[in-house]
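Chemist: dropping a prediction and its sequence here:
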Amino acid sequence: MTIREALGSSASPRWIVFFALIPAVTLLVILQEAATPFPSWWWPLLSALAQHLVAGLVVAIGDGIARRRHAVVPVITVLLIWMLAAACRGIVGGAVAESVAGVNPDYVLRIAVWVLISAVWLAPMVFAVAQFQRRRSLIAALDSAHYEQTQEQLLSDVSGAEMQRQLRKAIAESLNPALRQLQASLIASRQGLGPGAVAELSLRISQLDDDAADLSESARAPLAASPPARARLSRIVDVAPRQPGLSAVFVWFATIALLLVDTWRIFGPLAALEVVVSTSAAAAVLAVLPAAVRALRPVTFARRAQLVSVTATVLAIGVASYLMLNSGIDPLTWHSAYLLPLLVTGLVAASATYFLAIGLADANREGGEQLSALDADLGHLRTRNLDLLERERRRMTDLMHGPVQGRIAACVMALNFHVASQQATGLHPTDQHPFDAEPVLKHLRAVSRDLSVITASVSRARL
Amino acid sequence: MSRPEGAPVSVLIADDDTLVRTVLRLALTQAGYDVTEACNAVEAVAFARSQNPDLLVLDINMPGGLVGDTLSAVRAGDPDLPVLLLSGESGPPAELTGASVEFARKPISLDELLTRVSALLRPTREVSR
């Protein structure tokens, strides 16, 4: 999956991200409006909601226009739409603050903050969710391919034997008894076989002929186990943390972009410095812990990738929280009541985003290669199985069509021709020539012998 | 080779099954045809060349040679010889279709046999019976 497909295709998960961002955006607006003298506590929440709705409207309209010209919208167009939506957030936020609280709207600063945050957060989030969805469909495709591979292997192992078994069973249970019955009828009445009896015998032998023809087509492949189930969330995200150092840098940058400007504007430089120090310490933990586990305990790292990632994130949050509350850089600790929820949310969201974006992208690349190899293998296996089954089917068809059906057809013709020629003479049935059953009986005995040979032959044969 | 005026139309039956040959011979003889039998491909080619039949009734699955080769060998002597192919299969091999060639599945009925034979025979060789 390319970046353009992830961000601009019709399957792009930008709307999932839009709705998922509501809590984080609300926290951010609460921080932004911490110093705004709104007449009631819920005005920041209302402002956040209005900003989000307007931004969503801008994205919907921009996306609709862009999609008229492009099936997959170019990355630059997607980014421009997002930046326009970010600017609208700033304008709406400033307008609400000015009209309700009577403060300076600070449009430029608000727009700059939202543009920065959107630039840093939206693209990786949408890309990460797209990789997540791709991973889910890839796992399903891999499971399906493995399932089909197992089925094909089962098929090649038992279907030839199954066809032979069914053929033997049908000969033993259906054809042989019918043949014996026909022979008995012919022997019992060979002296006085009238046209009616001959016609009936002909009909029964025709049925025998149809049964013999159906035998080689009747074998069915055995069914394998049930198809794979939908992949669970834990399995989708079970990927090793790739490039933890790079991920940590991204997490640091994203969290700083989220908090720094407004923290500086509202709480001053010391609070901003405290945010930088805490975020840096958290990023260091995110970089060092996975790298240390990978270096010291590679087996554990490979087997417990998720645990390592979660532990690193929890530890990073713990370190950042401790420093925010106890570092003493900003003596006014009540600032942390505003900053800490957003810092924790930022760290969690950034860790998850970059972990998924980098880890899943790599895993998907490998999964795609695995799937191609599996598909190729499956294609070979299918071709081989089709060849084997077709060969076996042909062998059985040849066995049945050759001696057995030929002789049965001869018997049917003999009986039918006798009836037809006698009817053509116009004589009364009692004056007509009796049917000479001896050649037909001889043929039916030969059919019995042929069936014995076929049964013995398929018993010995192996695919 | 021309056939004497008033002589019966000759049919060569080539089939390895004795019962089929007997049944076909009886039916065609009763219908007024002059019948010769061949029990394998080699005989079929030899009789076709020596007796110049008006029609060949040929079993597709016969020992002594592939039906395509047999047909080619027969047609080398008489390219216009009409042929009725008989087989237990549902259809003839693709390479055997063409002018003056018809296919019938075994078991064929007496009516169908006589109709097919009559239709295949060339008007110049058809005789009043």
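Modeler: Ah, there it is. Fair warning: this is a prediction, and the values are worked out from it, not measured in the lab.

Chemist: CA only for contacts and neighbour counts going forward, please
Modeler: Will do.

Chemist: A:Asn104 in helix, strand or coil?
Modeler: Under the three-state scheme (DSSP: H, G, I helix; E, B strand; the rest coil), A:Asn104 adopts coil.

Chemist: need phi/psi at the residue nearest to it when sequence neighbours are not counted.
Modeler: Computed as Cα to Cα, 6 or more residues apart in numbering or on different chains, the closest residue to A:Asn104 that is not its neighbour in sequence is A:Glu98, at 6.0 Å. Dihedral pair for A:Glu98: phi -70, psi -50, per degrees, to the nearest 10.

Chemist: can you check B:Leu55 too?
Modeler: Dihedral pair for B:Leu55: phi -150, psi 140, per degrees, to the nearest 10.

Chemist: residue contacts, the one residue in chain A that gets nearest to chain B?
Modeler: Nearest residue of chain A to chain B, counting by Cα to the nearest Cα: A:Ala409, 4.7 Å away. Residues counted as contacts of A:Ala409 (Cα atoms under 8 Å, 6 or more residues apart in numbering or on different chains) are A:206, A:209, B:88, B:106-107.

Chemist: how many residues are close by B:Ala7?
Modeler: Residues lying near B:Ala7 (other Cα atoms under 10 Å in any protein chain shown) number 11.

Chemist: coming back round to it: mind giving me the ChimeraX select for the contacts of A:Ala409, buried ones only?
Modeler: In ChimeraX syntax, the buried subset of the contacts of A:Ala409 is picked out as below (16 or more other Cα atoms under 10 Å in any protein chain shown):
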select /A:206,209 /B:88,106,107
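
Chemist: columns secondary structure, pLDDT and distance to A:Ala178 on top of the contacts of A:Ala409, output as CSV?
Modeler: Formatted as CSV, the contacts of A:Ala409 follow (DSSP: H, G, I helix; E, B strand; the rest coil; pLDDT from 0 to 100; distance: Cα to Cα, whole Å):
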residue, secondary structure, pLDDT, distance to A:Ala178
A:Ser206, helix, 70, 11
A:Asp209, helix, 67, 11
B:Gly88, coil, 77, 20
B:Lys106, coil, 83, 20
B:Pro107, coil, 82, 19
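
Chemist: just to check, A:Ala291 is in contact with A:Arg242?
Modeler: No - under the criterion of Cα atoms under 8 Å, A:Ala291 makes no contact with A:Arg242, lying 9.6 Å away.

Chemist: contacts only, for residue 121.
Modeler: I went with chain A, as the question did not name one. So A:Trp121 contacts A:Ala254 (Cα under 8 Å, 6+ apart).

Chemist: wrong one, chain B
Modeler: Shown in contact with B:Leu121 (Cα under 8 Å, 6+ apart): B:54-55, B:82.

Chemist: a markdown table for those residues, including pLDDT, distance to A:Ala172 and neighbour count?
Modeler: Converted to a markdown table, the contacts of B:Leu121 look like this (pLDDT from 0 to 100; distance: Cα to Cα, whole Å; neighbours: other Cα atoms under 10 Å in any protein chain shown):
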| residue | pLDDT | distance to A:Ala172 | neighbour count |
| --- | --- | --- | --- |
| B:Asp54 | 92 | 45 | 24 |
| B:Leu55 | 93 | 42 | 25 |
| B:Pro82 | 92 | 42 | 22 |
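
Chemist: point me to the residue of chain B nearest chain A.
Modeler: Scanning chain B for the residue nearest chain A gives B:Pro107, at 4.7 Å (criterion: Cα to the nearest Cα).

Chemist: A:Glu200 versus that residue, what's the distance?
Modeler: B:Pro107 sits 15 Å away from A:Glu200, going by Cα to Cα, to the nearest Å.

Chemist: same question for B:Ala76.
Modeler: Distance from B:Ala76 to A:Glu200, by Cα to Cα: 44 Å.

Chemist: I'd like the average pLDDT over stretch A:266-283.
Modeler: Stretch A:266-283 shows a mean pLDDT of 91 in the predicted model.

Chemist: quick check: buried residues in it?
Modeler: A:266-267, A:269-283.

Chemist: OK, contacts around the closest residue in space to B:Val101 that isn't next to it in sequence?
Modeler: Excluding the flanking residues, the one nearest B:Val101 by Cα to Cα, 6+ apart is B:Val83, at 4.9 Å. By Cα under 8 Å, 6+ apart, B:Val83 lies in contact with B:55-58, B:100-102, B:120.

Chemist: B:Val83 bridge partners, please.
Modeler: B:Leu56, B:Val101 (DSSP bridges).

Chemist: and it, what's its pLDDT?
Modeler: pLDDT for B:Val83: 92.

Chemist: in terms of helices and strands, where is residue 85?
Modeler: All of this refers to chain A. helix A:75-96 (DSSP states H and E).

Chemist: wrong chain, I was asking about chain B
Modeler: Element membership for B:Leu85, per DSSP H and E: strand B:83-87.

Chemist: can I get that strand as PDB, trimmed to CA atoms?
Modeler: In PDB, the C-alpha atoms belonging to strand B:83-87 read as follows (Å, rounded to 0.1, in the frame of the first residue of the first chain):
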ATOM      1  CA  VAL B  83     -18.600 -42.700 -43.100                       C
ATOM      2  CA  LEU B  84     -20.900 -43.300 -40.200                       C
ATOM      3  CA  LEU B  85     -18.900 -43.300 -37.000                       C
ATOM      4  CA  LEU B  86     -20.200 -45.300 -34.000                       C
ATOM      5  CA  SER B  87     -19.000 -44.900 -30.400                       C
END
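
Chemist: so which bits of chain B are right by chain A?
Modeler: B:17, B:19-20, B:23, B:27, B:61, B:88-89, B:106-110 (Cα under 8 Å from any Cα of the partner chain).

Chemist: would you check which pair of the residues you listed lies furthest apart?
Modeler: B:Ala27 and B:Glu89 (22.4 Å; Cα to Cα).

Chemist: these two - which one has more neighbours?
Modeler: B:Ala27 (22 against 18).

Chemist: host element of that one?
Modeler: Per DSSP H and E: helix B:18-30 holds B:Ala27.

Chemist: show me what the helix holding A:Ala85 is packed against.
Modeler: If you count contacts as 3 or more Cα pairs under 8 Å, 6 or more residues apart in numbering or on different chains; DSSP states H and E, helix A:75-96 packs onto helix A:3-8, helix A:43-69, helix A:107-170.

Chemist: could you dump those helices into CSV with mean pLDDT added?
Modeler: Putting those into CSV (pLDDT from 0 to 100) gives the following:
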stretch, mean pLDDT
helix A:3-8, 76
helix A:43-69, 90
helix A:107-170, 82
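
Chemist: need those helices in a markdown table (columns: distance to A:Ile317).
Modeler: Compiled in a markdown table, the helices and strands packed on helix A:75-96 are given as follows (distance: least, Cα to Cα, whole Å):
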| stretch | distance to A:Ile317 |
| --- | --- |
| helix A:3-8 | 29 |
| helix A:43-69 | 25 |
| helix A:107-170 | 19 |
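
Chemist: not counting its neighbours along the chain, what's nearest A:Arg134?
Modeler: A:Asn364 (7.3 Å).
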